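**Q** the sequence and its predicted three-dimensional model are supplied below.
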Amino acid sequence: MRVLIVKLSSLGDVVHAMPVVHDIRAAHAGAQIDWVVEPGFAPLVRRVDGVHSVIECALRRWRTRWWTGDVRREWREFRAALRRPRYDAVIDLQGLTKSALIARMANGPSYGLANRTDGAGYEAPARWLVDHAIHIEPRIHALDRSRVLAARALGYRADGPPQFGLRSRLPAAAARTLVFVHGTSRDDKLWPEANWIAIGRRAIEAGWRIVLPHAGDAELARAQRLAAALGPACEVWPAMNLDALTDRLGATQGVIGVDSGLSHIAVALDLPHVQIYNFPTSWRTGPQAAHGHMHQVSIEAQPTPAVDVVWNAWAQVQRVAHK
């Protein structure tokens, strides 16, 4: 069997779709699975066990330079890559017009979402662009949505905990290292800097070394402020690409982070993890006990979870992880 997955972005959504690869190969031994994704996430998808090839789709860049010869050549090459293999199934896991159009262009019967699920992006034309539109329960975790859609498309049951097929290629850090994922794409998802400092001091007193990743100038400035407040037991990581960051993250012993793509990678790497939500939305994107993540928990409160609550959750995660 040969299957094409269409899941273009964003980082968290791509991570939530990864277990589909394992599910398909468990149900159809030897299945060859290709994946269409935006170039920025392609290195991460290439790391997933069971992905045969990745087809990069630079729609965002192409839109800004569609009239140039280079873009037209890239588009022809992209279209040829979609049409060259004959697929037994093309599965649009995104549910947008652009993703459904890409699925329609590929050489094989296409499957996609027939309806919007709670909190997820969806565009109604997508259901008419695929050959087979599949209805999904409206209230469903993002990870389960992808698994159920693929299972119904290919006629199997998605049973058991999700298997992301993602791992670090680096040995574990020598010192007990805790990552603070303090950055996210939306300011209303941030945790106050005073809270990071307070919990960082507790962690350092408990023998942890703190590391701070960052992406962009604002996150770098915040990381530098936190490191200055926490002292020599706290390190700001250098800027690095997503591939290198995944390796470094996976070599640590745990993560406390806000709702962000990097936090979702921490879940996929099976790290002990506390994920912080300022909104009652963890049920649809955060780690869940139902997924077998007893050493990974979501903590939510408005306007934001308290330091004591997050610290107690981290202590509980540690107890479970070391049983």
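**A** Yep, that arrived.

**Q** average pLDDT for the host helix or strand of residue 299, rounded please.
**A** Following DSSP states H and E, the helix or strand that holds residue 299 is strand 296-300. If you average the pLDDT over strand 296-300, you get 97.

**Q** helices or strands next to it in the packing?
**A** For strand 296-300, the packing partners by 3 or more Cβ pairs under 8 Å, 6 or more residues apart in numbering; DSSP states H and E come out as strand 273-277, helix 282-285, helix 307-321. Just so you know, the C-beta spots here come from the backbone N, C-alpha and C atoms, and that holds for glycine as well.

**Q** parallel or antiparallel, list what pairs with it.
**A** Paired with strand 296-300 in the same sheet, following DSSP bridges, are strand 273-277 (parallel).

**Q** what residues sit buried inside stretch 126-133?
**A** 126, 127, 129, 130, 133 (16 or more other Cβ atoms under 10 Å).

**Q** quick one: which of the residues you listed is nearest to residue 30?
**A** Using Cβ to Cβ, residue 130 is the member of the buried residues of stretch 126-133 that lies nearest residue 30, at 25.3 Å.

**Q** for that closest one, give me its contacts.
**A** The contact partners of residue 130, by Cβ atoms under 8 Å, 6 or more residues apart in numbering, come to 92, 100, 103, 104, 110, 111, 112.

**Q** how about residues contacting the worst-scoring helix or strand of the chain on mean pLDDT?
**A** Within the chain, confidence by mean pLDDT, DSSP states H and E is lowest for helix 59-64 among all helices and strands, at a mean of 87. Contact partners of helix 59-64, identified using Cβ under 8 Å, 6+ apart, comprise 8, 38, 39, 71, 74, 75, 98.

**Q** could you pull out the strands for the protein?
**A** Secondary structure of the chain by DSSP state E: the strands cover 2-6, 32-37, 51-56, 89-92, 110-113, 132-134, 177-181, 209-212, 234-236, 254-258, 273-277, 296-300.

**Q** parallel or antiparallel, which strands does the first one pair with?
**A** Looking at strand 2-6 with DSSP bridges, its paired strands and their directions are strand 32-37 (parallel), strand 89-92 (parallel).

**Q** of those, which is nearest residue 310?
**A** Closest to residue 310 of the strands paired with strand 2-6 is strand 32-37 (Cβ to Cβ; 32.5 Å).

**Q** identify the residues contacting the closest one?
**A** With contacts defined as Cβ under 8 Å, 6+ apart, strand 32-37 is touched by 1-9, 14, 21, 24-25, 45, 48, 50-57, 82, 85, 87, 102.

**Q** could you rerun that using 6 Å?
**A** 2-6, 8, 21, 45, 50-55, 57, 102 (Cβ atoms under 6 Å, 6 or more residues apart in numbering).

**Q** biggest separation within these, which pair?
**A** Once Cβ to Cβ is applied, those give 50 and 102 as the farthest pair, at 20.9 Å.

**Q** comparing the two, which shows the higher neighbour count?
**A** Neighbours were counted for residue 50 and for residue 102 using other Cβ atoms under 10 Å; residue 102 has more, 25 against 17.

**Q** and the more buried one, what does it touch?
**A** When contacts are counted by Cβ under 6 Å, 6+ apart, residue 102 is found next to 6, 36.

**Q** swap the cut-off to 7 Å and go again
**A** Contact analysis of residue 102 by Cβ atoms under 7 Å, 6 or more residues apart in numbering lists 6, 36, 57.

**Q** show me where this protein has its helices.
**A** Applying DSSP state H to the chain gives helices spanning 11-17, 19-27, 42-46, 59-64, 69-83, 97-105, 125-129, 142-154, 193-205, 217-230, 242-250, 261-268, 282-285, 307-321.

**Q** look up the closest residue to residue 294, ignoring the ones flanking it.
**A** residue 320 (5.0 Å; Cβ to Cβ, 6 or more residues apart in numbering).

**Q** I figured that neighbour hits residue 293, correct?
**A** No: judged on Cβ atoms under 7 Å, residue 320 makes no contact with residue 293 at a distance of 9.7 Å.

**Q** pLDDT wise, what is the closest residue to residue 173 other than its chain neighbours at?
**A** In space, residue 173 comes closest to residue 251 once its chain neighbours are excluded; the distance is 5.1 Å by Cβ to Cβ, 6+ apart. At residue 251, the predicted lDDT confidence score is 97.

**Q** residue 11 versus residue 251, what's the distance?
**A** Going from residue 251 to residue 11 by Cβ to Cβ, to the nearest Å gives 20 Å.

**Q** ok, now residue 311?
**A** According to Cβ to Cβ, residue 311 and residue 11 sit 27 Å apart.

**Q** since we're on the closest residue to residue 66 other than its chain neighbours, how many residues are nearby?
**A** Nearest non-adjacent residue to residue 66, counting by Cβ to Cβ, 6+ apart: residue 72, 7.8 Å away. When neighbours are counted by other Cβ under 10 Å, residue 72 registers 13.

**Q** just the buried positions in stretch 146-164, please.
**A** For stretch 146-164, a neighbour-count test (16+ other Cβ under 10 Å) marks 146-154, 158, 162-164 as buried.
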